[in-house]
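S.K.: Pasted the sequence and its predicted model underneath.
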Amino acid sequence: VYASSQRSYLLAVVVPDERALGGETSEQAVRQTIRNELARIARAEGLKSYEVPRDFIIEQEPFSVANGLALLSGKLSPSRLRDRYGAALEALYA
């Protein structure tokens, strides 16, 4: 999840599980499936609209130690994620 103090909504980078997509392959169908799941989870968890990403980047490669996006501890590397996706996420705000 990505936030900018200058913006009133969140963005995200999503790595979908192929099994959860139900065989969808077109980008439009995948995006809609992800939007529906975000909305379903938000309702189930009682999230406010500003707590749910409004838009997202779909990434095929999971975050891992091998690609530098995860640390050995299993946590994500915020600085490396920002380096890799920051410009693209800012472009979504534009």
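M.R.: Received it, and whenever you're ready, just let me know what you need. Numbers count the residues shown, from 1 in each chain.
S.K.: List the residues that contact Ala70.
M.R.: By Cβ atoms under 8 Å, 6 or more residues apart in numbering, the residues touching Ala70 are 63-64, 76-77. Just so you know, the C-beta spots here come from the backbone N, C-alpha and C atoms, and that holds for glycine as well.
S.K.: partner residues bridging it?
M.R.: The residues paired with Ala70 through beta bridges, assigned by DSSP bridges, are Leu76.
S.K.: which parts of stretch 11-26 are buried?
M.R.: The neighbour-count criterion (16 or more other Cβ atoms under 10 Å) identifies 11-14, 16, 24 as the buried residues of stretch 11-26.
S.K.: Ala87: which of the contacts of Ala70 is nearest?
M.R.: Distance to Ala87 across these (Cβ to Cβ) is lowest for Ser77, with 16.8 Å.
S.K.: so that closest one touches Gly68, yeah?
M.R.: Yes: under the contact definition of Cβ atoms under 8 Å, Ser77 touches Gly68, with a separation of 6.8 Å.
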